[in-house]
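Undergrad: When you get a sec, could you give me coordinates for this:
(chains A and B, ligands or ions: 2)
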There are 2 protein chains.
Amino acid sequence: MGKEITKRETDYSQWYNDIILKAGLADYSAVRGCMVIKPYGFALWENMRDQLDKMFKETGHQNAYFPLFIPKSFLSKEAAHVEGFAKECAVVTHYRLMNDPDGGGIVVDPDAKLEEELIVRPTSETIIWNTYKTWIQSYRDLPILVNQWANVVRWEMRTRLFLRTTEFLWQEGHTAHATSQEAIDETKLILDVYATFAEEWMSLPVVKGVKSISERFAGAVDTYCIEALMQDGKALQSGTSHYLGQNFAKAFDVQFTDKENKLDYVWASSWGVSTRLIGALVMAHSDDDGLVLPPKIAPIQVVIVPIYKGDEQKKMIDEKVKMFMEDFKALGVKVKYDDNDNNRPGWKFAEYELKGVPVRIAIGARDIQNNVVEVARRDTKEKTSVSIDGLANTVAVLLNDIQQNIYTKAKNFRDEHIAKADTWDEFEKLLDSKGGFISAHWDGTAETEEKIKELTKATIRCIPLNNLQEEGKCILTGKPSKERVLFARAY
Amino acid sequence: MGKEITKRETDYSQWYNDIILKAGLADYSAVRGCMVIKPYGFALWENMRDQLDKMFKETGHQNAYFPLFIPKSFLSKEAAHVEGFAKECAVVTHYRLMNDPDGGGIVVDPDAKLEEELIVRPTSETIIWNTYKTWIQSYRDLPILVNQWANVVRWEMRTRLFLRTTEFLWQEGHTAHATSQEAIDETKLILDVYATFAEEWMSLPVVKGVKSISERFAGAVDTYCIEALMQDGKALQSGTSHYLGQNFAKAFDVQFTDKENKLDYVWASSWGVSTRLIGALVMAHSDDDGLVLPPKIAPIQVVIVPIYKGDEQKKMIDEKVKMFMEDFKALGVKVKYDDNDNNRPGWKFAEYELKGVPVRIAIGARDIQNNVVEVARRDTKEKTSVSIDGLANTVAVLLNDIQQNIYTKAKNFRDEHIAKADTWDEFEKLLDSKGGFISAHWDGTAETEEKIKELTKATIRCIPLNNLQEEGKCILTGKPSKERVLFARAY
Ligand SMILES: [Zn+2]
Ligand SMILES: [Zn+2]
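TA: Ligands and ions are numbered 1, 2, ... in the order given. The predicted structure is shown next:
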């Protein structure tokens, strides 16, 4: 089978890759740093995407689609932006191939060189603000609340499945507003949408905060983020929402006349989450037997495995299952009856455990006599005998319970791994013992932040929203500080 | 307003562009040949995509995602394939930009040249079959029924909004089978899905057929297609489904052991429809006042416009509308109440006509006294006074009627524009008078096909499925023929 998974204790990083490859979420591809998202992984992404999309639409956003390519000159119109993205981009320079006149197969046609190179979008602020210029004249054209689901490319040198790939899928919202306050409100609204999605759908507790200057998005005035904690004590940035001020409006000369007929530059936000969230999901909840999926986003919520000898027993089970399958479907439960003859029940049990299916129901001939089935939950591995009467309802309640339990477990872990450090010694010890978030004073300078990173690999994950204002001294320099920030080693 | 639309009679091509730009479906972009799909156009695409996706899933397909980039060497592994796609592709040659050492802004970093160039996928057979090689060992791994929704790039020299753009959105199905028959069945199953979708959802009558050799997909054994007729008498290929035989399995060495433990190459199909369908929709149904959308895929099915003087009347109307809005929503009707104060009713009427909203309801203070509203249907422009009692039900029935009527109208037009030609003279006269599909005998050679194209710009659109076998003589060469084929000028 080759389905054994490395244990977390043995090699956390290998455990992560094993789960993704063996549960069938994704595969490596022939293209450096790009992955193939397999059907099971994509079904998971679809569930996540559809829920997020619903939440965006409920908050007044619409989808649109902008070009994959960005003219090179656009990238450099916003000074900070080009610094952040020029170093890692895929550049299209030609538009035709030809047969090698020397017989060496097909080669790039030197006559088909583009006058201006095109960049495969690493993010779309520039091409979108160049378009918004033609859409916006007056305050009546505002706000624009647009999102797109798209692929983007960043030429990362070191890649990890889902966490950091050359191409990835994401959504990017790009909004335009008449006032600064409106743009800030939008930025925060989306941060709340992301946090609600992470906590209620992915069972993933997150800290909401704002980034330090050095960790800001290239071109933003402020970057808000949600930060989650993985089981190895490292943090993972799971979504960002940027207040862009008038930076892109100025770079692309997008002005509007306000109600008083005065010209002003437009205010902006942008925000995104990506397939990286799947990496977060795997690292936060899974165990040494495989994936553990929150029921609300699981492609299969319940799997039913028949256990039988001979056709007569099989037929009896089939009939029974057919009856309660209808009940499951009526309740909107995603249920699969796996009566594939090629695999034995034990193999199926391991397979669905590996795939993180929240509930497994085993049903045999004797069970039917007793009017019961065996229900196993993936999160706790508990097995119970459950009456067939009202089975679908019982399981629906159980699914909610599992959703909640996965969250509580992750929340408890996270809460146990937030600690205060008041000295450099404490800080280093915490990092090297249990990891997690460390709440510590910092003098507010980029130099100190950089030095802490060099010394410990820990970075400032965020300054939590509504942070307690508290006098203190920087753990590294001893200089005065007005609040603690959250440090962690991070993905 | 600048919302006037060129009449079809005056300039059909300009009429088409006017509708797309002024109804807010799409916009030109700064990138040559690429368009921006605006929120209204994208909402239309979402409805089409979601329905197709549902139909794919109901027929056993799953979604996945494969890399955007294809190594150059992959493209040339299938001989016919490279001929078809190498001439029009975007080539990534570098992966980094840098500041020009001579101070000329940012330039491509010459040190960041890729060892092997990457092609932005024009279609994904090659990268997918390279992946399938690792997924398939035995007949137990088959069939693979996978689809992906993706963007693709073909470097077209002459582009048209939706009909032919450098980048476009589409779905591409790629299936793998243990037998030739299974792959052929799959190819035809999908052709039926496409035809059903076109006819029942887009109200677009189509001819199902198979392509002549010269019009085949590069790498296919057989290309099946659906062909629709536009109002100017030109045909538009609206979807293709390819039986690939073992061509790609051989090119990528994908073999499997069958039930008898014998090694064989895997059999394949691939199939796709794209945002081009939106172009077909516009050209088939719209009129000189704008879009006409079939209710089943319209982003807004019903718009309600209040007509009032003063706040008191407005309040009374609001209350009434609130009541029947609930009924609409309960029936799943997509309804919008446009009580925006900035625009007058007459402006709104024209705007929603332009946008093709199937039903418009106008409601004034006197209407409420009479317990009626004015209902206008977009397709026929008929207006009727309808009782507020049971309004939602009445309108739901009307929406079905409109869906059917748009189809019937297009079907009648199409049927009136299929004609037989038995001589070259008839053939040319038909083409230059009413256009449409011309059913004529052809000697079966690529040379004659090419010559007819040179002389008339007409191409063989397809050999219809279940075509009548009938002896005859080629309209051009007079050589013997066993069946008629459908010719047309086409987009
Ligand atoms: Zn711990
Ligand atoms: Zn005609």
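Undergrad: which helices and strands does the host helix or strand of A:Trp170 pack with?
TA: Using DSSP states H and E, the element containing A:Trp170 is strand A:167-177. In terms of contacts (3 or more Cβ pairs under 8 Å, 6 or more residues apart in numbering or on different chains; DSSP states H and E), strand A:167-177 is packed against helix A:39-58, helix A:125-135, strand A:144-153, helix A:180-196, strand A:267-274. From N, CA and C alone the C-beta is placed, and that goes for glycine too.
Undergrad: 6 Å - rerun?
TA: strand A:144-153, strand A:267-274 (3 or more Cβ pairs under 6 Å, 6 or more residues apart in numbering or on different chains; DSSP states H and E).
Undergrad: That strand: how far from the chain's middle?
TA: 13 Å (Cα atoms, centre = their mean, to the nearest Å).
Undergrad: what's that strand in contact with?
TA: Applying Cβ atoms under 6 Å, 6 or more residues apart in numbering or on different chains, the external contacts of strand A:167-177 come out as A:34, A:124, A:128, A:132, A:142-149, A:151, A:153, A:183, A:186, A:266-272, A:274-275, B:67-68.
Undergrad: Doesn't A:Pro205 belong to a strand?
TA: No. Assigned with DSSP: H, G, I helix; E, B strand; the rest coil, A:Pro205 falls outside any strand and is coil.
Undergrad: Could you check how many residues crowd around it?
TA: By other Cβ atoms under 10 Å in any protein chain shown, the residues close to A:Pro205 number 21.
Undergrad: Please tell me how far it sits from chain B.
TA: As judged by Cβ to the nearest Cβ, to the nearest Å, A:Pro205 and chain B stand 28 Å apart.
Undergrad: which residue packs closest to that residue, ignoring adjacent ones?
TA: Leaving aside its sequence neighbours, A:Pro205 sits nearest to A:Lys411 (Cβ to Cβ, 6 or more residues apart in numbering or on different chains; 4.4 Å).
Undergrad: In contact with A:Arg8: list those residues for me.
TA: Taking Cβ under 6 Å, 6+ apart as the test, what A:Arg8 contacts is A:Trp15.
Undergrad: helix, strand or coil for it?
TA: Quick answer, by three-state DSSP: A:Arg8 is coil.
Undergrad: now swap in A:Arg360 and tell me
TA: A:Arg360 is classified as strand under three-state DSSP.
Undergrad: I figured it was touching A:Arg377, is that so?
TA: No. Judged on Cβ atoms under 6 Å, A:Arg360 makes no contact with A:Arg377 at a distance of 8.1 Å.
Undergrad: Hmm, A:Gly356 is touching A:Leu291, no?
TA: Yes. The criterion here is Cβ under 6 Å, and A:Gly356 meets it with A:Leu291 at 2.9 Å.
Undergrad: in the stretch 301-450 of chain A, what residue is nearest chain B?
TA: The nearest approach of the stretch 301-450 of chain A to chain B comes at A:Asn342, 6.4 Å away (Cβ to the nearest Cβ).
Undergrad: Can you give me the neighbour number for that residue?
TA: Using other Cβ under 10 Å, A:Asn342 is surrounded by 6 other residues.
Undergrad: which residues touch it?
TA: A:Asn342 neighbours (Cβ under 6 Å, 6+ apart): none.
Undergrad: would you say it is within a helix?
TA: No. Counting by three-state DSSP, A:Asn342 is not found in a helix; it is coil.
Undergrad: which residues touch whatever residue of the stretch 101-250 of chain A ends up closest to chain B?
TA: Closest contact between the stretch 101-250 of chain A and chain B, by Cβ to the nearest Cβ, is at A:Trp155 (4.3 Å). Residues in contact with A:Trp155, defined by Cβ under 6 Å, 6+ apart, are A:Glu88, A:Cys89, A:Ala90, B:Tyr95.
Undergrad: and with 8 Å instead?
TA: A:Gly33, A:Glu88, A:Cys89, A:Ala90, A:Thr166, B:Tyr95, B:Arg96 (Cβ atoms under 8 Å, 6 or more residues apart in numbering or on different chains).
Undergrad: does the first one sit in a helix, a strand or a coil?
TA: Spelled out, that is A:Gly33. coil.
Undergrad: Identify the residue spatially nearest to it, adjacent ones excluded.
TA: Counting by Cβ to Cβ, 6+ apart, the residue nearest A:Gly33 is A:Thr166, at 3.3 Å.
Undergrad: where does the one you found fall, phi/psi-wise?
TA: phi -60, psi -50 (degrees, to the nearest 10).
Undergrad: Near it, how many other residues are there?
TA: A:Thr166, neighbours per other Cβ under 10 Å, totals 25.
Undergrad: can you tell me which helix or strand A:Asp311 belongs to?
TA: Counting by DSSP H and E, A:Asp311 is found in helix A:310-330.
Undergrad: what pairs with the helix or strand following that helix, and is each one parallel or antiparallel?
TA: Scanning forward in sequence from helix A:310-330 by DSSP H and E, the next helix or strand is strand A:335-337. If you go by DSSP bridges, strand A:335-337 pairs up with strand A:302-307 (parallel).
Undergrad: who touches the partner strand?
TA: A:314, A:317-318, A:321, A:325, A:328, A:333-339, A:345, A:348-349, A:352, A:357-364, A:395, A:399.
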